[in-house]
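Asker: Requesting a structural model of the entry that follows:
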Amino acid sequence: MTKRSITRTTKNAAKKSNQPDQKAARDKYINDFMQCMKTNADRQSRLRADAPTRIRAAISATKAAGLTNSASDDSLAHYHVVQRFLQEKAFYPPHDKRKESNAYAKIHKQIVILEDQPCLVCRVKHSTLGDLSKNPFGAVQLETHHHIIEWALGNAIVPELFNAHIRPGLLRRARQRSAQGVTDPIFQEFDALYSTPMSAVQIKAWVDHSPDNLWVLCDVHHRHKFVGIHAITYPIWGPQDLVDARIVNKEIGLAHGKR
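Answerer: From the prediction side, this is the model:
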């Protein structure tokens, strides 16, 4: 047998030996694809089935609030409803399961309990949760919100972009604190880093437990489906502490069954 025929025979044998692996990989890909299609179809079917109930609930809530939402609404004459359904797809990089690090627990305790900072929206504090007159939304706890960069996006941040777009503002804030004589130790760790480019490791630590990336919010204005920062668009969430209190009080009354 010639060298050429031996080579050809070896290649053919290798090709045949790879066929089962290739077929298994192909079958797995097809099965995964079909399962994905089935899952999406099932989800769409559930959404369609639930849509009438969701729409009726939204209409009932609108009527209960004494508001209208029709083409004849005069937006110059009275408060009116702008109703929309938000569809969002968030692409997060791979990350560890969320755990409360010691550093995060320390800063959370400092600003929420020791400093007793209020919710940015309703002004309830950890110390006033039990006072109904100071806790009109019925919050049960104070939480901290990663407001510049979400924790789950920590592995997606490009250091060069962070240092170019975020760090200069942080440096100005640190210098203002220094000029005002602020000596709170919770700022010291990161204020010392803002004057030079920060590394990916430093940025990830900053995301998780820098007071410059944490807002104090009650659980209602953090996560509630109608008023929470994670549930509604920011243009609606942002001015909640500035709108006419009579509207807020009316909605609170309606939520508690009062007319």
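Asker: all helices of the stretch 151-259 of the chain, in order?
Answerer: Taking DSSP state H, counting those that start in this stretch as the test, the helices found in the stretch 151-259 of the chain are 159-165, 167-179, 188-191, 200-209, 219-223, 234-237, 245-255.
Asker: other SSEs contacting the fifth one?
Answerer: Going back to what we said before, that points to helix 219-223. strand 142-146 (3 or more C-beta pairs under 8 Å, 6 or more residues apart in numbering; DSSP states H and E). Glycine gets a C-beta too; all of them are placed from N, C-alpha and C.
Asker: quick check: mean pLDDT across the strand it packs on?
Answerer: Averaging pLDDT along strand 142-146 yields 95.
Asker: Just give me the residue closest to the centre of this structure.
Answerer: The C-alpha lying nearest the average C-alpha coordinate of the chain belongs to residue 230 (C-alpha atoms, centre = their mean; 4.8 Å).
Asker: distance of that one from residue 88?
Answerer: Residue 230 sits 11 Å away from residue 88, going by C-beta to C-beta, to the nearest Å.
Asker: show me what contacts residue 110?
Answerer: Residues in contact with residue 110, defined by C-beta atoms under 8 Å, 6 or more residues apart in numbering, are residue 186.
Asker: how much space is there between it and residue 116?
Answerer: For residue 110, the distance to residue 116 equals 10 Å [C-beta to C-beta].
Asker: helix or strand right after the lowest-mean-pLDDT helix or strand in the chain?
Answerer: The helix or strand of the chain with the poorest confidence is helix 3-64; it has a mean of 66 (mean pLDDT, DSSP states H and E). Next along the chain after helix 3-64, taking DSSP states H and E as the criterion, comes helix 102-108.
Asker: For that next one, buried residues please.
Answerer: By neighbour count on 16 or more other C-beta atoms under 10 Å, the buried set for helix 102-108 is 104, 107-108.
Asker: how near is residue 147 to residue 103?
Answerer: Counting by C-beta to C-beta, the gap from residue 147 to residue 103 is 18 Å.
Asker: Which residue ranges make up the domains of the chain?
Answerer: According to automatic domain parsing, the chain comprises the domains 1-85, 102-255.
Asker: Compare those domains and report which one is nearest to residue 95.
Answerer: Across those, the minimum distance to residue 95, taken as C-beta to C-beta, is reached by domain 102-255, at 5.3 Å.
Asker: Return the residues in contact with residue 215.
Answerer: When contacts are counted by C-beta under 8 Å, 6+ apart, residue 215 touches 120, 144-145, 147.
Asker: Just give me the neighbour total for residue 218.
Answerer: Residues lying near residue 218 (other C-beta atoms under 10 Å) number 28.
Asker: again, but for residue 253
Answerer: Residue 253: 11 neighbours (other C-beta under 10 Å).
Asker: any idea how far residue 229 is from residue 145?
Answerer: Residue 229 is 6 Å from residue 145, by C-beta to C-beta.
Asker: All set now, cheers.
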